[in-house]
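below are the sequence and a predicted model for it; my questions follow.
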Amino acid sequence: MTFHAVPVHLTKMLDLIDKLVADWRRERPGSDAAAMQIVGRIIRLGRRYEQDVAQMLRAHGISYSDFDVLATLRRSGPPHESAPTQLQQNVLLSSGAMTACLRRLESAGLIARGTTPADRRRLSAKLTPKGFMMVESLIDRRFALARQSLAGLDADQIATAEDMLRRLGR
């Protein structure tokens, strides 16, 4: 791939990813770093969104992962209960991280852990009324942060981005 100079009128729009790709093109002209224009931005945007949500949640004494577990239980519908392995798949935490998260949430009175009535050998985590109320009090703020992050896009751009990201995620 050939390095192309950026027109002067676009230099004010350059970001860290443009600089990263330009540096690699300069230092390794035979390498194709073009995909980093998108992948690098996805990574940066994801981290920024996660940091914004984590900052909002810190004021309530819970982490991003803690809230993800609570929200996953909430959106599962009544009785707002799930097996730890199923939660682990939905929240993408390692087994050890899930165990630690469930311990924290149980200690805070946000979930109760036990066995399921249908199979006493099967463990479950269930939202407590306190956990349910926490999710209810915070979820609209989390959705608002997501909307804020898309504020620079119109409806067609949002639909296009949604479609493209869905395709990339397959």
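Structure's in. What do you need? Numbers count the residues shown, from 1 in each chain.

C-alpha from now on. contacts and neighbour counts both.
OK.

can you map out the strands along this structure?
With strands called from DSSP state E, the chain shows them at 81-82, 111-115, 123-127.

got JSON lines for these, with mean pLDDT, distance to V53 and mean neighbour count too?
Below are the strands of the chain laid out as JSON lines (pLDDT from 0 to 100; distance: least, CA to CA, whole Å; neighbours: other CA atoms under 10 Å):
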{"stretch": "strand 81-82", "mean pLDDT": "92", "distance to V53": "24", "mean neighbour count": "22"}
{"stretch": "strand 111-115", "mean pLDDT": "89", "distance to V53": "21", "mean neighbour count": "19"}
{"stretch": "strand 123-127", "mean pLDDT": "92", "distance to V53": "21", "mean neighbour count": "22"}
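
in TSV: those strands, plus distance to H60.
What follows is these, written out as TSV (distance: least, CA to CA, whole Å):
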stretch	distance to H60
strand 81-82	22
strand 111-115	16
strand 123-127	17
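
for R147, find the nearest of those.
When these are ranked by proximity to R147, the top entry is strand 123-127, at 26.6 Å, counting by CA to CA.
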